[in-house]
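Visitor: Quick one, what's the 3D model for this:
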Amino acid sequence: MNSIIENFYSAFKNQDAEVMVACYHDDIVFEDPAFGVLKGEHAKNMWRMLITSQKGKVFRVEYSDINSKNNMGNAKWEAFYKFSKTGRPVHNKIIAHFEFKDGKIIKHTDTFNLHTWSKQAFGLKGLLLGGTSFFKKKLKQQTNTLLTTFENNL
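Guide: Numbers count the residues shown, from 1 in each chain. From the prediction side, this is the model:
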């Protein structure tokens, strides 16, 4: 299963969303602090949207510590980019957990410190509000609205 994770992050590094989503099972369940829970095509389209939004921009992904055993796996990855709304640089450190079924990723959970991310992305506003449930709810609404708009334009 290490090879599936390796293929996923190698494709991410090369900004190839189609290779990334090919690693996902049709019944994929993805979860992270920014989007919440996404299932099936929504999860796949989230990666398509993120890759599309970073084309031609300064964007870098690094990954390490890939491990898998008994249909479970994990990895560490880091994203370096400028947050589009503010132009502020972000260095997000993420831990990914995977479950596999039929040789594909069926569950993918990314965890990271949302408050740390919000301080980088929004500055003082993120420092003050980034740890609140209001901020978390608003961010998920905004990211899911962006995803819906992206999907409507496919």
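
Visitor: for the chain, which strand is longest?
Guide: For the chain, the strand with the greatest residue count under DSSP state E is strand 89-101.

Visitor: Any buried residues in that one, and which?
Guide: The neighbour-count check on strand 89-101 (16 or more other C-beta atoms under 10 Å) flags 90, 92, 94, 96, 98-100 as buried. From N, CA and C alone the C-beta is placed, and that goes for glycine too.

Visitor: quick one, helices of the protein?
Guide: 2-13, 17-22, 41-54, 114-122, 124-129, 133-152 (DSSP state H).

Visitor: Single out the most deeply packed of those helices.
Guide: The highest average neighbour count among those, using mean count of other C-beta atoms under 10 Å, belongs to helix 114-122 at a mean of 20.

Visitor: Look at residue 63 and report its pLDDT.
Guide: pLDDT recorded at residue 63 is 98.

Visitor: Contact partners for it?
Guide: Residues in contact with residue 63 (C-beta atoms under 8 Å, 6 or more residues apart in numbering) are 9, 12-13, 75-78.

Visitor: Turn these into a markdown table, including distance to residue 57 and pLDDT.
Guide: Below are the contacts of residue 63 laid out as a markdown table (distance: C-beta to C-beta, whole Å; pLDDT from 0 to 100):
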| residue | distance to residue 57 | pLDDT |
| --- | --- | --- |
| 9 | 19 | 98 |
| 12 | 15 | 97 |
| 13 | 14 | 96 |
| 75 | 23 | 98 |
| 76 | 23 | 98 |
| 77 | 18 | 98 |
| 78 | 16 | 98 |
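
Visitor: Closest one of the residues you listed to residue 41?
Guide: Residue 41 lies nearest to residue 12 out of those, by C-beta to C-beta, at 18.4 Å.

Visitor: returning to what we had before: in terms of secondary structure, what does the longest strand of the chain contact?
Guide: helix 2-13, strand 24-32, strand 72-82, strand 104-111, helix 114-122 (3 or more C-beta pairs under 8 Å, 6 or more residues apart in numbering; DSSP states H and E).
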